[in-house]
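Peer 1: could you work out the structure for the sequence below:
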Amino acid sequence: MYKYFLADKEKGKTTEELFEILELYFISLNMDTDIYGGVQQGDNGQSIVLGGYDLNGNDSFNELSELCIKASCELCLIEPKINLRVSKKTPRERYRLATELTKKGLGFPQYSNDDIVIPALIKLGYAPEDAANYSIAACWEFIIPGKGLDIPNAENICVPRQVNNAIIKSLKTSDTFEELLKAAEDEIEGYIEVMIEDKRINRPYTVFQSHPFLSLMIDGCIEQGTDLKYVKGCYRNFGSHSIGLSVAADALAAVKKVIYEDKTVDKDRLLTALKTDYENDPELRNLLISCPKVGNDDDYADSLMVHIMKFIAKKLNRRSNGQGGIWRSATGSAQNYYYAAKDDPATADGRKAYTPYPSSYSPTLTAKLSGPLSVIRSFTKPDLTESCNGGPLTMEVHDNVFRNLEGEGKVADMVKLFIDMGGHQLQLNAINRERLLDAQKHPENYPNLVVRVWGWSGYFVELDPAFQNHIISRTEFTF
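Peer 2: The predicted model follows:
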């Protein structure tokens, strides 16, 4: 957009006039937002990316970038979703400006860390100049504009499901925790192999369809006189989400502690409890919930999440997808934190059967957390350059935190800490649980109440009750 902005300025338009045009453009993106079939209003992929650093370290955040943030602050609409590229070099005052937008409760900006994303994409085979020009596809997946047919949502790995399969099949025959962990790895690897083979044969529909209109916007199609399907020089990579990473790690940590170290729980007792959804053993469930959890800066559980993510990346990243591209591993879940969990029985972290997993890269819903800084420390321990298909750490902040400048400054500093420590993506929800509960009872009083759902923001009263309840159940941090 910037070149058009500059052209208008050269023609004599004032900043005030251009700001009005920008706001009208934003308003237009909120018309007919339900025309994208199969999704809820707001989940339609209308994203805008602001800022970013080139390979020489030059900052592209400019006057228009700032106006976009201010327009979103003023309008308080769910479109477009604002994404802000940052790095260790990003000045604190920019985080303060972005926090002004977070304060509005829209669930954006979403932050992406150039220090992690650009090297990650280069590792995956993207040309450095393309990696430095990355953008966001719909929710939070990384793509290169004008450069290809990447499908970041090609598949999902439900990690707790594979870990649970290993526990059920192999716990009784595993004499050590290391043997059980190996069984979990085997389950994950087996699923990855089936997934890769399935997508090699049954390609996502966008791979083999022609795209005449989209082809006009892809580099080389006009020059080569061909459709995007055939154009040379495009990226055709697939991404797979990793659902419930913290749940999988928490389950393994609990089994390690109560079965193999403390020896306070019999294997048959645990297997029976999992089979019966803890119906006759609430004491065991409480014991498992009290075990170490990812999100408390405790290596007992955190190291297992690091191990799982490293293993998935090793088995998936850079593997051929059979369509002229490779696979990328992720930390996201999209809507499958709810839909995949609907099919899954109880897990060894104490989660009840068929209840949701956490959204994307976040602590499990039953975890008792020490505070936001502990969460950030836990979720920046993995090498996120190896899991960079997309998927943000999602945190809910009580709206009382924003009641004064000191609170706003603490939120800005927290975001900066996450980026400086090597986090890849972060999104914050400024919410008030009591207000959300009241909105469920009296939706007519809250037509403009906006929340971040997974990679998109929507009007709370228009969401399915399942997603409303999930947002209410997330940990609400204060400072």
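Peer 1: just the strands in the stretch 1-150 of the chain please.
Peer 2: 47-51, 81-86, 110-113, 135-137, 141-143 (DSSP state E, counting those that start in this stretch).
Peer 1: let's have the ones you listed in TSV, adding distance to residue 234 and mean neighbour count.
Peer 2: (Glycine included, C-beta is placed from N, CA and C.) What follows is these, written out as TSV (distance: least, C-beta to C-beta, whole Å; neighbours: other C-beta atoms under 10 Å):
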stretch	distance to residue 234	mean neighbour count
strand 47-51	20	22
strand 81-86	23	26
strand 110-113	22	26
strand 135-137	14	21
strand 141-143	11	24
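Peer 1: which one of the ones you listed lies nearest to residue 220?
Peer 2: Shortest distance between residue 220 and the strands of the stretch 1-150 of the chain, using C-beta to C-beta, is found for strand 141-143: 16.1 Å.
Peer 1: which SSE is immediately downstream of the closest one?
Peer 2: Once the chain leaves strand 141-143, the next helix or strand it forms, by DSSP states H and E, is strand 151-158.
Peer 1: return the next helix or strand after that next one as CSV; C-alpha atoms alone will do.
Peer 2: If you walk from strand 151-158 toward the C-terminus, the next helix or strand you reach (DSSP H and E) is helix 159-170. What follows is helix 159-170, C-alpha atoms only, in CSV (Å, rounded to 0.1, in the frame of the first residue of the first chain):
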residue,chain,number,x,y,z
VAL,A,159,0.2,-34.7,19.4
PRO,A,160,-1.7,-35.6,22.6
ARG,A,161,-3.5,-38.3,20.6
GLN,A,162,-0.3,-40.0,19.6
VAL,A,163,1.2,-39.8,23.1
ASN,A,164,-2.1,-41.2,24.5
ASN,A,165,-1.9,-44.1,22.0
ALA,A,166,1.6,-44.8,23.2
ILE,A,167,0.6,-44.8,26.9
ILE,A,168,-2.4,-47.1,26.3
LYS,A,169,-0.4,-49.5,24.1
SER,A,170,3.0,-49.5,25.7
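Peer 1: next, format the strands of the stretch 1-150 of the chain as a markdown table and append mean pLDDT.
Peer 2: Below are those laid out as a markdown table (pLDDT from 0 to 100):
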| stretch | mean pLDDT |
| --- | --- |
| strand 47-51 | 95 |
| strand 81-86 | 97 |
| strand 110-113 | 98 |
| strand 135-137 | 92 |
| strand 141-143 | 94 |
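Peer 1: nearest to residue 461, of the ones you listed?
Peer 2: So among the strands of the stretch 1-150 of the chain, strand 81-86 is nearest, using C-beta to C-beta, at 19.3 Å.
Peer 1: got a list of contacts for that closest one?
Peer 2: When contacts are defined by C-beta atoms under 8 Å, 6 or more residues apart in numbering, strand 81-86 is touched by residues 46-53, 68-69, 72, 94-95, 98, 101, 106, 108-114, 136, 140, 419, 455-457.
Peer 1: repeat that with 6 Å
Peer 2: Identification of contacts with strand 81-86 by C-beta atoms under 6 Å, 6 or more residues apart in numbering yields 47, 49-52, 72, 98, 108-112, 114, 136, 419.
Peer 1: between the residues you listed, which sits nearest residue 354?
Peer 2: Ranked by distance to residue 354 (C-beta to C-beta), those are led by residue 110 at 29.2 Å.
Peer 1: show me what the closest one is bridged to.
Peer 2: Taking DSSP bridges as the rule, residue 110 bridges to residue 83.
Peer 1: dump the strands of the stretch 1-150 of the chain to a markdown table, plus distance to residue 219.
Peer 2: Listed next are those as a markdown table, based on distance: least, C-beta to C-beta, whole Å:
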| stretch | distance to residue 219 |
| --- | --- |
| strand 47-51 | 18 |
| strand 81-86 | 21 |
| strand 110-113 | 22 |
| strand 135-137 | 14 |
| strand 141-143 | 13 |
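Peer 1: follow-up on the earlier one: which among the contacts of strand 81-86 gets closest to residue 373?
Peer 2: For the contacts of strand 81-86, the residue nearest residue 373 by C-beta to C-beta is residue 419; the value is 13.9 Å.
Peer 1: and that closest one, which helix or strand is it part of?
Peer 2: According to DSSP H and E, residue 419 maps onto helix 405-420.
Peer 1: who does that helix touch, helix- and strand-wise?
Peer 2: On a contact count with 3 or more C-beta pairs under 6 Å, 6 or more residues apart in numbering; DSSP states H and E, helix 405-420 meets helix 92-102, helix 372-379.
Peer 1: ok, which of the strands of the stretch 1-150 of the chain comes nearest residue 367?
Peer 2: Proximity of these to residue 367 was assessed by C-beta to C-beta; the nearest stretch is strand 110-113, lying at 22.7 Å.
Peer 1: show me what that closest one is packed up against.
Peer 2: Here strand 110-113 touches strand 81-86, strand 425-431, going by 3+ C-beta pairs under 6 Å, 6+ apart.
Peer 1: hmm, who's touching that strand?
Peer 2: Taking C-beta under 6 Å, 6+ apart as the rule, strand 110-113 contacts 83-86, 419, 424-427.
Peer 1: and for stretch 456-471?
Peer 2: With C-beta under 6 Å, 6+ apart, stretch 456-471 has contacts from 40-43, 78, 106-107, 139, 338, 356, 439, 443, 446, 449-451, 453.
Peer 1: can you check stretch 97-108 too?
Peer 2: 69, 72-73, 76, 81-82, 84, 109, 402, 408, 411-412, 428-430, 450, 452, 457.
Peer 1: so for the protein, the centremost residue is which one?
Peer 2: Per C-alpha atoms, centre = their mean, the C-alpha nearest to the average position across the chain is that of residue 391, at 2.4 Å.
Peer 1: helix, strand or coil for that one?
Peer 2: Recorded secondary structure, residue 391: coil (DSSP: H, G, I helix; E, B strand; the rest coil).
Peer 1: if I read this right, it contacts residue 332, doesn't it?
Peer 2: Yes - contact criterion C-beta atoms under 6 Å: residue 391 and residue 332 qualify, at 2.6 Å.
Peer 1: mind listing the helices for the stretch 251-400 of the chain?
Peer 2: Using DSSP state H, counting those that start in this stretch, the helices of the stretch 251-400 of the chain run over residues 267-275, 282-289, 299-316, 336-339, 372-379.
Peer 1: quick one: low-confidence parts of the stretch 201-350 of the chain?
Peer 2: 205-208 (pLDDT under 70).
Peer 1: ok, back up a step: closest to residue 200 out of the helices of the stretch 251-400 of the chain?
Peer 2: Closest to residue 200 of the helices of the stretch 251-400 of the chain is helix 299-316 (C-beta to C-beta; 13.6 Å).
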